[in-house]
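>>> structure here, sequence nowhere to be found:
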Ligand SMILES: [Zn+2]
């Protein structure tokens with residue numbers, strides 16, 4: 001008799017829901033980890049706004065982002 005028994009089971013990992021990113025996380029070089037950030041309006045550009053992202057932990061700038069305005073302005077001269 002040879003018991004045909006395999007004790008290996010597949011680990012059934014529950015599927016995590018990683019879609020729920022409410023806060024923006026960016027890598028902070030000072031904290032050396034991804035930290036929640038808050039955006040700050042830095043500049044108003046002719047075609048949008050330049051926002052700066054600040055680390056909520058140490059307050060250092062971790063990046064900028066230009067948000068283009070989708071304005072449909074019809075200039076009637
Ligand atoms: Zn930081």
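Yep, that arrived. Just so we're clear, the structure is a prediction, and the values are computed from it rather than from any experiment. Numbering: from 1, shown residues only.
>>> top strand in this protein by residue count?
Scanning the chain for the longest strand, with DSSP state E as the assignment, gives strand 33-45.
>>> that one: what's the following helix or strand?
Using DSSP states H and E, the helix or strand that directly follows strand 33-45 along the chain is strand 48-55.
>>> which positions in that next one come out as buried?
Within strand 48-55, the residues scored as buried using 16 or more other Cβ atoms under 10 Å are 51-55. Glycine gets a C-beta too; all of them are placed from N, C-alpha and C.
>>> what's across from the residue nearest to residue 43 when sequence neighbours are not counted in the sheet?
Distances taken as Cβ to Cβ, 6 or more residues apart in numbering place residue 50 nearest to residue 43, at 4.0 Å, with adjacent residues excluded. Counting by DSSP bridges, residue 50 forms beta bridges with residue 43, residue 66.
>>> who are the contact partners of residue 50?
The contact partners of residue 50, by Cβ atoms under 8 Å, 6 or more residues apart in numbering, come to 41-44, 64-67.
>>> quick check: residues of the protein near the ion?
Applying the criterion Cβ under 5 Å from the ion, the portion of the chain that neighbours the ion consists of 28, 30-31, 55, 57-58.
>>> mind doing that once more with 6 Å?
28, 30-31, 35, 55, 57-58, 60 (Cβ under 6 Å from the ion).
>>> reformat these as CSV; add secondary structure and pLDDT.
Shown next, in CSV, are the residues of the chain next to the ion (DSSP: H, G, I helix; E, B strand; the rest coil; pLDDT from 0 to 100):
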residue, secondary structure, pLDDT
28, strand, 95
30, coil, 96
31, coil, 97
35, strand, 94
55, strand, 95
57, coil, 95
58, coil, 97
60, coil, 95
